[in-house]
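In: got a sequence here, can you build the structure:
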Amino acid sequence: MLVLFAHGQESGPWGFKIKRMAPLAERHGCKVESIDYRDCKDPELRVERLLQRLQDEEDECILVGSSMGGYVSLVASVARPVSALFLIAPALYLPAFKVQRYASLAVHIEVVHGWSDDVIPAQNSIDYARDADCTLHLISGDHSLNSSIGEVETLFEHFLLKVMTAS
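Out: Okay, here's the model as predicted:
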């Protein structure tokens with residue numbers, strides 16, 4: 001199984017959260033990749049880059065996206081089926097982004113969002129989780145969720161094990 005990370009606008013391919021979650025996936029036998037989007041600020045071009053990467057992928061895929069990376073992962077999963085989505089403070093329902101409706105083909109979807117996020121309102125994730133009928137974890141923390149990284153890791157590992165058991 002491939003776990004493919006998508007970082008946020010202000011982060012990089014091996015930012016704090018990815019460095020903490022990638023070893024969890026590797027410990028459970030997953031391949032791990034993280035695409036570098038730092039040269040591309042346009043979320044729609046990032047979606048195209050992710051779809052190009054997924055084009056010939058034969059392994060089952062779990063997309064993990066944070067902030068803009070959450071948007072990118074979710075939008076890509078509408079065009080290309082993936083096994084699962086783990087979205088962290090996803091940048092959804094932002095007026096500047098092209099896609100505003102998200103009909104993902106992923107079988108398993110979970111969202112984690114910080115109550116004190118002042119970049120992307122937690123209400124956006126609440127609205128998405130309700131519409132998608134998926135699991136939502138509202139936890140203590142701001143947009144980065146760095147202060148709650150241990151909880152994010154635990155939620156991710158439980159999600160990963162659930163997806164792998166179902167496969």
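
In: helices of this structure, start to end?
Out: Taking DSSP state H, the helices of the chain run over residues 16-27, 43-54, 68-79, 122-132, 149-166.

In: deepest-packed of those helices, please.
Out: Scoring these by mean neighbour count under mean count of other Cβ atoms under 10 Å gives helix 68-79 as the most buried, with a mean of 26. (Each C-beta comes from the backbone N, C-alpha and C, glycine too.)

In: show me the contact partners of that one.
Out: 4-9, 11, 37, 43, 46-47, 50-51, 54, 63-65, 82, 85, 87-92, 94, 97, 99, 102-106, 111 (Cβ atoms under 8 Å, 6 or more residues apart in numbering).

In: ok so, going back, got a markdown table for the helices of the chain, with distance to Ser140 too?
Out: Shown next, in a markdown table, are the helices of the chain (distance: least, Cβ to Cβ, whole Å):
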| stretch | distance to Ser140 |
| --- | --- |
| helix 16-27 | 16 |
| helix 43-54 | 27 |
| helix 68-79 | 19 |
| helix 122-132 | 11 |
| helix 149-166 | 8 |
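
In: these: which one's closest to Asp142?
Out: Set against Asp142 and scored by Cβ to Cβ, the helices of the chain come closest in helix 122-132, at 10.6 Å.

In: now the most far-flung residue of the chain relative to its centre, what are its backbone angles?
Out: Residue farthest from the centre of the chain, counting by Cα atoms, centre = their mean, is Asp56 at 20.4 Å. Backbone torsions for Asp56, taken as degrees, to the nearest 10, come to phi -110, psi 10.
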